[in-house]
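>>> model this:
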Amino acid sequence: MQTIQFFKYQGTGNDFVMIDNREDQFPKEDLSLITKLCDRKFGIGADGVILLEEHKEVDFEMVYYNPDGSQSLCGNGSRCAVMFAKKLGIIEDNTVFVAIDGLHKAFIQQERVHLLMHDVDAVEQIGSDFLIDTGSPHYIQFVHALDQKDMIKEGQAIRYSTRFAEDGVNVNLVEPTEGGLKIRTYERGVEGETLSCGTGCTAAALAFGLSNDTESVLLKAMGGDLEVRFKKEKNCFTDIYLIGPAKPVFEGVITL
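The predicted model follows:
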């Protein structure tokens, strides 16, 4: 049996098991182990597992797994990885790292991680809804009375619809408020509602920006507040930053 040290981090309630894998000790071939670590009854409990690994050209590589073993970009996870890298002494307040969708820049300012996302130049409108890929595909639907919605029922209806059943999609219900947007997210891979989703908040902010004269959107997720800043020209978005806190929760060791 193998014992591994882990660290638990959360970004606005989106929580992750963080492992320093710079010595390549984690058995990545066993995807069932990812599910076990994420299990809130029989494991550590998390929305995903993040391995921080060496990279020859940049500060580090972030390898992210959903609880079912699938991989995608995770915005909140990326922000947590930046804070974790600082804790490990790999970086100070500025970094360039690699995720599944390529290079990202980030910096830490006043305990908030500013994560530079990739440009978005393709937005599909589906009726009055939007499909936007911000590293992970997100379905955005603007609604009223968000707090009263059955997020599991409504999320599954879209995620398992004919179009999205095979590859999956993250479903975001969004309600405009006086101060910005309220948002709830059903995440594929987790197959349930999470307290926050960084790529989902980014997609929702861009969808809102399509028809509103703004380049900064405040979002209130169930687990806390995030900010998305961007530059817009027609339907193209550049200089997209996901901004918010990322904090350690606890650390320990587990026998695999």
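
>>> Show me what the helix or strand hosting Arg229 is packed up against.
Element membership of Arg229 [criterion: DSSP states H and E] is strand 224-233. Here strand 224-233 is seen to pack against helix 198-210, strand 216-221, strand 236-245 when contacts are counted using 3 or more Cβ pairs under 8 Å, 6 or more residues apart in numbering; DSSP states H and E. Using the backbone N, CA and C atoms, a C-beta is placed for each residue, glycine as well.

>>> how about that strand: buried residues?
Applying a neighbour-count criterion of 16 or more other Cβ atoms under 10 Å, one finds 224-228, 230, 232 buried in strand 224-233.

>>> Switch those over to CSV; also include pLDDT and distance to Gly75.
CSV is the format used below for the buried residues of strand 224-233 (pLDDT from 0 to 100; distance: Cβ to Cβ, whole Å):
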residue, pLDDT, distance to Gly75
Gly224, 97, 13
Asp225, 98, 14
Leu226, 98, 9
Glu227, 98, 12
Val228, 98, 9
Phe230, 98, 13
Lys232, 95, 19
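
>>> Nearest to Asn66 among these?
Leu226 (19.8 Å; Cβ to Cβ).

>>> Enumerate every residue touching the closest one.
Contact partners of Leu226, counting by Cβ atoms under 8 Å, 6 or more residues apart in numbering, are 12, 196, 198, 201, 218-219, 242-244.

>>> can you redo those as TSV with pLDDT?
Shown next, in TSV, are those (pLDDT from 0 to 100):
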residue	pLDDT
Thr12	97
Ser196	97
Gly198	97
Cys201	98
Leu218	98
Leu219	98
Leu242	98
Ile243	98
Gly244	98
